[in-house]
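Student: Test case, fold it:
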Amino acid sequence: MERPAEPLVQRLLVCRYSRSISPELIDEVLDLLRTSLPAADRRATQWALLRRAAACLDGSPWQRAEQLSAIIARWTGRPSDPVRALLYDATLTGLRLPATARGIYKILTTER
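Tutor: So this is what the prediction gives:
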């Protein structure tokens, strides 16, 4: 079941990267959404972004979880490629990124 804010957040992210709306305005709206959404909605949004990041990688769900956890461990916080851009967006939920391959694997294999 899709949460009411998820389509809005996804549309705002598309607008930000296509530069059809000022990135500063999008950041302000995302900050407001982050503070106003319940934690469960923020977690669902973060998990959806992590699944999209993992989908950019090759291998089984476990291999993708290992790769993603290694990327997170080395990540500087800059959205330098598509996977890291999705990780950056996932951090905008205000929740910590999972630190272990096991935690990421759980996200990748849990029903949406």
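Student: Packing partners of the longest helix along the chain?
Tutor: In the chain, with assignment by DSSP state H, the single longest helix is helix 39-55. Applying 3 or more Cβ pairs under 8 Å, 6 or more residues apart in numbering; DSSP states H and E, one finds that helix 39-55 contacts helix 5-18, helix 61-74, helix 82-91, helix 101-109. Any C-beta I mention is one placed from the backbone N, CA and C, and that applies to glycine too.
Student: between the third one and helix 5-18, how many degrees?
Tutor: Counting by axes from the mean of the first three to the mean of the last three Cα atoms, to 10 degrees, helix 82-91 lies at 130 degrees to helix 5-18.
Student: For helix 82-91, which outside residues touch it?
Tutor: 13, 17, 46, 49-50, 52-53, 56-57, 68, 71-72, 75, 77-79, 97 (Cβ atoms under 8 Å, 6 or more residues apart in numbering).
Student: repeat that with 7 Å
Tutor: With contact meaning Cβ atoms under 7 Å, 6 or more residues apart in numbering, helix 82-91 is reached by 13, 46, 49-50, 52-53, 56-57, 71-72, 75, 78-79, 97.
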